[in-house]
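Asks: Provided below for reference: sequence and predicted model.
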Amino acid sequence: MIERSVESRLEDDLVELRRSLAGAVVEPTDPVYDAARRCFNALVDRRPAAIVRCVGAEDIAVALDFARTRELEVAVRGGGHNPAGHCVCDDGLVIDLSGMRGVAVDPVARIARAQGGATWLDLDTATHEFGLVTPGGIVGSTGVTGLALGGGIGHLTAQLGLTCDSIAAAELVIPDGTFVQARPDENTELLWGLHGGGGNFGVVTSLELHLHPLERVVGGRLEYRGSAVGDVLRTFRDVAARSPRDLSIQAVLGLDETLAPALLIAPCYTGSELDPEPLRRLRVLPGLVRDTVGARPFLEQQLEFDSPYGENRHYWKGHFVDELTDELIDELLVRTAGFRKPVVDVLFESLHGAPKDVDPTVGGIRYRNAGFNVSVMGTWRDVADDESHIALVRETAEAIEPWSFGGGYANYMQADEPLERVRAAFGDDAFERLQALKRQYDPTNVLRRNQNIPPA
Ligand SMILES: Cc1cc2nc3c(=O)[nH]c(=O)nc-3n(C[C@H](O)[C@H](O)[C@H](O)COP(=O)(O)OP(=O)(O)OC[C@H]3O[C@@H](n4cnc5c(N)ncnc54)[C@H](O)[C@@H]3O)c2cc1C
């Protein structure tokens, strides 16, 4: 009798899988395979056995069942932006939700219902029609669910809180194939866990988010160059610290092509004034070379920043800090000035305002009490630079550590982060509560390609 190879058995099984699905299966021999396995971070180059392009909850249940019976590793793909490349695995099965991008808006209840693969541009475009918004990420192609489950910091954080604070309900397929709802009156503990606990408990087929009225913002970018950048960064810090909650603000420190210090400030003001005082303060500072700040629809603000998909290699590492002390700013100015190429930036995201309002019983995230999220972000093209650029990011992030509030930001973490950093982002009690949920919904840790909460 002829022994059949593992590959040919899987090949037969995939024929069977195809028949059971409404969606499609992409295999390594398919012409679209390379495009389908690509993720945002070109540093990640993995070859799954198959990619299941789901079109509904039933497909997800079939895919989970297929993976379980063949002991294949599972990766879940939403927008494909996670810098750790969690959306793809070697030799396993990718549950690809990119065919599930619908968004329905209920303007009366002020709820958006986004399918599990919807992106921020899908959602913002749909809600914009009704003059409604939810606080999301700043790059349109990022997945709504992937970002929301990990927290979510963006242009409306000070006004409306973290994205997960706006989660109203969710529908999921859990790893044993069961359909589950998490709502204020059903599976409330699971709903709590989805407020920051990531994709650990199930594949979300539909996420409901609260919406808020917003017609226009004063936003755009302020860019500074040269020796004044340090003083501008201090003013940014002071503006953020004293800002009322109608101003969200972020900054990026780095070098320009001539290796001169460069600072970008991205404000988003939602109050009634057209030329608000905190922004006036920033707009008169020395070194300003570009100012696009003005009144605009929120959707336009959401289109201000973009990043090429799957082209650059990325390595990110950061810390939450209580405050941006002068010493920390000086340390980062000296370090960035010493970079020999403009390949590493430092992102400062202010967490003032609404994140602090939220009742801690709503979700387990502890870092909402920090002052800033400070992230060192390396971006480059050449494979030969991998080692040196990753080392540079690590060294720079290490220099921030003495000021660390504890824990890292799950949404920006690489796959090499230790469990303690995930745990510290929640604190021991909340983390143990999340682990209990994990034991209930995914006891064998099928969904482990994420900022993992192990069942035990
Ligand atoms: C260019 C860029 C801009 C970004 N901007 C911001 C920002 O402004 N603010 C911010 O907070 N973060 C931001 N992020 C980080 C982003 O929030 C996280 O990387 C997030 O995980 C991306 O989700 P995704 O669906 O696009 O990614 P994917 O890589 O597809 O998914 C990542 C993980 O999310 C989980 N997941 C995704 N969808 C589902 C689902 N439907 N059900 C269950 N689990 C799911 C899975 O665990 C999956 O492995 C940005 C990232 C990039 C690359």
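Replies: Cool, the structure landed. None of these values were measured; they are calculated from a predicted model.
Asks: in its sheet, what does the strand or helix carrying Ala262 sit against?
Replies: Ala262 is part of strand 261-269 when elements are defined by DSSP states H and E. Looking at strand 261-269 with DSSP bridges, its partner strands are strand 216-219 (antiparallel), strand 222-225 (antiparallel), strand 247-255 (antiparallel).
Asks: can you say which of those is nearest to the ligand?
Replies: strand 247-255 (8.5 Å; Cβ to the nearest ligand atom). C-beta coordinates here come from the backbone N, C-alpha and C atoms, glycine included.
Asks: what residue in the stretch 151-300 of the chain comes nearest to the ligand?
Replies: Counting by Cβ to the nearest ligand atom, the stretch 151-300 of the chain gets nearest the ligand through Gly199, at 2.6 Å.
Asks: now do the contacts for that residue.
Replies: Val76, His86, Thr145, Gly146, Leu149, Leu447, Asn450 (Cβ atoms under 8 Å, 6 or more residues apart in numbering).
Asks: does it sit in a helix, a strand or a coil?
Replies: With DSSP: H, G, I helix; E, B strand; the rest coil as the basis, Gly199 sits in helix.
Asks: so what's the backbone phi/psi at the closest residue to it other than its chain neighbours?
Replies: In space, and not counting its chain neighbours, Gly199 is closest to Asn450: 4.7 Å by Cβ to Cβ, 6 or more residues apart in numbering. Dihedral pair for Asn450: phi -170, psi -180, per degrees, to the nearest 10.
Asks: for the ligand, what are the nearby residues on this structure?
Replies: Residues of the chain lying close to the ligand (Cβ under 6 Å from any ligand atom) are 39-40, 76-83, 86-87, 97, 116, 137-139, 142-143, 145-147, 149-154, 198-199, 203-204, 307, 411-412, 449-450.
Asks: among those residues, name the buried ones.
Replies: 39-40, 76-83, 86-87, 97, 116, 137-139, 142-143, 145-147, 149-154, 198-199, 203-204, 411-412, 449-450 (16 or more other Cβ atoms under 10 Å).
Asks: let's see which of these end up in strands.
Replies: Using DSSP state E, the members of those that fall in strands are Val76, Arg77, Val203, Val204.
Asks: how far off centre is stretch 241-256?
Replies: Relative to the centre of its chain, stretch 241-256 is centred 18 Å away, using Cα atoms, centre = their mean, to the nearest Å.
Asks: rewinding a little: tell me which of the residues of the chain next to the ligand fall in helices.
Replies: With helices defined by DSSP state H, the entries of the residues of the chain next to the ligand inside them are Thr145, Gly146, Leu147, Leu149.
Asks: now the closest residue to Asp246 other than its chain neighbours, what are its backbone angles?
Replies: What sits nearest to Asp246 in space, not counting adjacent residues and going by Cβ to Cβ, 6+ apart, is Gly271, at 3.9 Å. Main-chain torsions, Gly271, degrees, to the nearest 10: phi -80, psi -170.
Asks: how many neighbours does Gly271 have?
Replies: Neighbour count of Gly271, defined by other Cβ atoms under 10 Å: 14.
Asks: what residues are up against it?
Replies: Contacts of Gly271 by Cβ under 8 Å, 6+ apart are Pro244, Asp246, Leu247.
Asks: filter those residues down to the buried ones, PyMOL style.
Replies: Only the buried entries of these go into this PyMOL selection, using 16+ other Cβ under 10 Å:
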select buried, resi 246+247
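Asks: min pLDDT across the contacts of Gly271, which one?
Replies: Among these, Pro244 carries the weakest pLDDT, at 82.
Asks: tell me which element it is part of?
Replies: Pro244 belongs to no helix or strand, assigned by DSSP H and E.
Asks: OK, contacts around it?
Replies: By Cβ under 8 Å, 6+ apart, the contact list for Pro244 reads Gly271, Gly353.
Asks: ok, it to Ala354 distance?
Replies: 11 Å (Cβ to Cβ, to the nearest Å).
Asks: got it, and Gly193?
Replies: Distance, Gly193 to Ala354, by Cβ to Cβ: 21 Å.
Asks: who has more neighbours out of these two?
Replies: The residue with more neighbours, out of Gly193 and Ala354, is Gly193; 27 against 19, by other Cβ under 10 Å.
Asks: count the residues that sit near the closest residue to that one other than its chain neighbours.
Replies: Among residues not flanking Gly193 along the chain, Leu437 sits closest, at 4.4 Å (Cβ to Cβ, 6+ apart). Other residues lying near Leu437 total 21 when counted by other Cβ under 10 Å.
Asks: Leu437 touches Gly198, doesn't it?
Replies: No - using Cβ atoms under 8 Å, Leu437 is not in contact with Gly198, being 11.4 Å away.
Asks: what touches both of the two?
Replies: In contact with both Leu437 and Gly198: Ile453, using Cβ under 8 Å, 6+ apart.
Asks: so where do the helices sit in this structure?
Replies: 6-20, 33-37, 57-69, 120-128, 144-149, 157-160, 188-194, 229-242, 277-283, 298-302, 326-337, 386-400, 419-426, 428-441.
Asks: so Gly80 touches Cys39, yeah?
Replies: Yes - applying Cβ under 8 Å, one finds Gly80 in contact with Cys39, separated by 4.7 Å.
Asks: and the residue of the stretch 251-400 of the chain closest to the ligand?
Replies: Counting by Cβ to the nearest ligand atom, the stretch 251-400 of the chain gets nearest to the ligand through Ser307 (3.8 Å).
Asks: report how many residues lie close to the closest residue to Ile174 other than its chain neighbours.
Replies: Among residues not flanking Ile174 along the chain, Gly202 sits closest, at 4.0 Å (Cβ to Cβ, 6+ apart). Residues contacting Gly202 under the criterion other Cβ under 10 Å number 26.
Asks: right, and Gly202 touches Asp442 too?
Replies: Yes - using Cβ under 8 Å, Gly202 makes contact with Asp442 at a distance of 7.3 Å.
Asks: who touches both of these two?
Replies: Ile174, Pro175.
Asks: in the stretch 201-350 of the chain, which segments are predicted with low confidence?
Replies: Scanning the stretch 201-350 of the chain for pLDDT under 70 picks out no residues.
Asks: for the closest residue to Asn41 other than its chain neighbours, name its beta-bridge partners.
Replies: Distance criterion Cβ to Cβ, 6+ apart; nearest residue to Asn41, sequence neighbours excluded, is His314 at 4.6 Å. His314 has these beta-bridge partners by DSSP bridges: Thr379.
Asks: wait, doesn't His314 sit right on Gly378?
Replies: Yes - using Cβ under 8 Å, His314 is in contact with Gly378, at 6.6 Å.
Asks: who has more neighbours, those two?
Replies: Gly378 (26 against 22).
Asks: where's the more buried one relative to Val343, distance?
Replies: When Gly378 is compared with Val343 (using Cβ to Cβ), they lie 6 Å apart.
Asks: do the same with Pro454
Replies: Distance from Pro454 to Val343, by Cβ to Cβ: 34 Å.
Asks: between those two, tell me which one has more neighbours.
Replies: Taking other Cβ under 10 Å, Pro454 and Val343 do not tie; Val343 has more neighbours (21 against 14).
Asks: how about the contacts made by the more buried one?
Replies: Per Cβ under 8 Å, 6+ apart, neighbours of Val343: Gly378, Thr379, Trp380, Asp385, His389, Leu392.
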